[in-house]
Structure formats: structure tokens, C-alpha cells
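> have a look at this prediction, sequence included:
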Amino acid sequence: MTNLSVWQCQVVEIAKAMSVHPKVILLDEPTSALAQHETKLLFKLIRELTRKDVIIIYISHRLQELWEIADTASVLRDGKHVGTIEMEHATHKELLNLMFGNVEVKQRPADVVPDEKAVFEVENLTREPAFRNISFALKKGEILGIAGMLGSGRTELLRAIFGADKLDSGVIKVNGKSIRSPDPVMMKRNGVAFIPEDRKNQGLIQILSIRSNLNHASLGRITRGLFVDASREKELALKQIEELSIKIPGDEYLMTSLSGGNQQKVVLGKWLNTEPRVLLFDELSRGIDVNAKQQIFQILWQLARQGLSSVVVSSELEELLEICNRVIIMRLGEFVDEVDPDRLTVEELYAECMGGSES
């Protein structure tokens, strides 16, 4: 299992549950890392099981899925049941009001406009068979989206840019400085941060405290020789907790005490403590609820106003249209197009990612 991707592990888990012919199946975020066609296959299987009187309890932050497969939706808030509605007659607004009260879904603010200066460039990056001849320039304060279906090479590209995987060829330029063989230490030193899709296993250390996790990437700022400056460590942790509005019982608690949205904020805060100039996000909002997602978007826009540049990969293509200044489409390991998020619908973006009329 260790050599499988997140979405492949998800498929194995679902298959394992189905193999025992259960009377009741509990699915917790089953599509969070599935491609669109895999999600459709899962939904088909769910419908077949319900026709055989199998009870499905389905938990998802992708609310649009509920209208496709659910008969009713029960909402829990702060550990309490706040209501149940029939999906046949439910509206998005009614469901969101039950979940969060009045959630304001915002579009990218008009003042989130990048500078003309390119601060980060990649030229002809290749790592076969995942991707080849990838080039783009990232402007100061820009949020650049990379859209593509699972298997298009998006995650592999971000990992190679950060130096987690070795490049076959190509050059990365940070503020004009060329880097031909990147590694994570070198990229961090040059102001690049990477927020991976698997935050539990790759972004955080679950057995350590929230405070330790928030300082894990910036140990040089809190150590004196072999010793940690406890007051400095707490100062940097509290700074991110306050600025990112991380809801915690206390910074000494373990990471396991936090929700998915707050864990994602801790990963981001960990890297912000390194004072980066470029942020690489792989699945920015994976496994977090609508309210937390909107908070993450607000943080991203505020960072862009401060001049930080971001590259965002997401399987939820609609969020790329919401938050990005520009979106590059990736298919089968290659960049095939660049689009303006303000001039494209979600349906058109999905069609482009799947190959347009060729799909």
C-alpha cells in the first residue's frame, strides 16, 4: 500500500468494504481523491446496493454529490443533530444554512491583481513518464491554477518542482536564480513552500503538538545551538494561530484534536513561518467543509495582496475558477492550454481537461 497514491488507496478501501456484502455501509469522504469517472462508477454501485436494500450512510463535504445519490441529508453541527431534509426538494441555500447559518460564498476580489514581474519560472521540466516539457512563469502576487484530471501529472509536477522527486531535465528560476537539481532544503532556502495533498502523512506529524507542527519547517528561527527557545517557539506558533484563525483547544494539544480545515491551516502556517515567496498547493481544500474552504480562500487572497505567489492544483475545478487569476490545463503530462477563469464555465473547464470533443 505504501507505493500507492492517495486516490488508489481510496479505491482499495472502498473495494475492501464491498467485499464482505454488508447490510450497512458507512462511506466517509469516499470521493475526496477520486477522478470524475471513478466517482460515477462509485455512484452507480451505490444505487445498485440501495436497490438491494443495503443502507448507505454517506459523509461528504462535496455537497453537490448529495443531490445525485442521497434520499435525505442529516446535518450535524458542534456534535448535535440540527436537522434532516428531503433532497428531492432541498436547495443549496437550505442545506448551507443548516450547516453553518449564513455562509457567504465569495468570488475572487477585484483587488487581487498580480504584478507584472515574474518571480518564479520553470523551463522545460521533464520527469518521464509523469510529465514533459513543462514551462510557465509565475508573477508576484499571482494565484495560478493547474487543472487536470487525476493521472494528468499535476501532483508529480509540484513534487518535482519542490525537489521531492528528481527531475530528468529542465530549469527552475527563483527571482532569476537558476536551479537545475532542486531538493526540498534548497527550495525552502529559496523561499518556496509545498503544501501536499496528503496532509496527515506528508504535511503534519500527528504525534507532535500543534505548536511543534507550526514550527517544524522553521527550526532555525527557534533554536539556539542544540536547544529550542521555548518562548520564541510559542511566539511564532501563536502568530499563525491568530492570523489564520486556527481554532484549537490549546497549542500544546496533539494534531489529532483538530478538524481537517484547521489541520490544513496548520500546514499552511508551518510554511508561512519560513517567510516564503512562492506557495505550492496540492489539493488546497481536500477533505474540508464549505466554511473552512471559504476561510482558506480568504487567506490565499490576503497572501496574494501581500505579494506571495501561489500555484494551486485542485480536483475540484470549480474552485480554480473561483480563486485563480489564471488557469493552465494539464493533460497526459503536458500543458495543453491556458484559460481565463472569468471567461469559462465549470462544464467547459471539465471538457478541456478531459480532451474537449475528443473525450
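Noted; the coordinates are in hand.

> all contacts plus neighbour counts: C-alpha atoms, from now on.
Noted.

> distance between the ends of stretch 242-251?
Stretch 242-251 has an end-to-end distance of 11 Å (criterion: Cα to Cα, to the nearest Å).

> use 508 as the first number for this chain going forward.
Let's use 508 as the start, then, which means that last one is stretch 749-758.

> report pLDDT for Val797.
Reading off the confidence values, Val797 has pLDDT 75.

> next: Lys613.
Looking at Lys613, its pLDDT stands at 66.

> could you do Glu572 as well?
So, for Glu572, pLDDT stands at 84.

> Three-state assignment for Ser642, please.
strand (DSSP: H, G, I helix; E, B strand; the rest coil).

> for the closest residue to it other than its chain neighbours, give the beta-bridge partners.
If the residues on either side of it in the chain are set aside, Ser642 comes closest to Glu630, at 4.4 Å by Cα to Cα, 6 or more residues apart in numbering. Glu630 forms beta bridges with Val678, as assigned by DSSP bridges.

> tally of neighbours for Glu630?
Close neighbours of Glu630, defined as other Cα atoms under 10 Å, add up to 15.

> ok, it - contacts?
The neighbours of Glu630, taking Cα atoms under 8 Å, 6 or more residues apart in numbering as the test, are Asn640, Ile641, Ser642, Phe643, Gly677, Val678, Ile679.

> mind giving me the PyMOL command for buried ones among these?
Command for PyMOL that selects the buried part of the contacts of Glu630, burial taken from 16 or more other Cα atoms under 10 Å:
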select buried, resi 641+642+643+677+678+679
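
> with distance to Asp618 as extra columns, can I get the contacts of Glu630 in TSV?
Shown next, in TSV, are those (distance: Cα to Cα, whole Å):
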residue	distance to Asp618
Asn640	33
Ile641	29
Ser642	27
Phe643	23
Gly677	34
Val678	32
Ile679	29
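
> would you agree Leu552 falls within a helix?
Yes. Leu552 sits within a helix when classified using three-state DSSP.

> where's it relative to Leu765, distance?
Distance from Leu552 to Leu765, by Cα to Cα: 32 Å.

> please say which of the two ends up with more neighbours.
Using other Cα under 10 Å as the criterion, Leu552 and Leu765 rank with Leu765 on top: 17 against 13.

> how about the more buried one: what's its closest non-neighbour residue?
Closest to Leu765 by Cα to Cα, 6+ apart is Ile755, at 6.8 Å.

> try Glu635
Residue nearest to Glu635 in three dimensions, not counting chain neighbours: Asp675, with 7.2 Å by Cα to Cα, 6+ apart.

> any idea how far that neighbour lies from Leu839?
Distance, Asp675 to Leu839, using Cα to Cα: 17 Å.

> one more: Lys754?
40 Å.

> out of those two, which sits in the busier spot?
Between Lys754 and Leu839, Leu839 has the larger neighbour count (other Cα under 10 Å), namely 20 against 15.

> surely the more buried one meets Gly660?
Yes. If you go by Cα atoms under 8 Å, Leu839 and Gly660 touch, sitting 6.6 Å apart.
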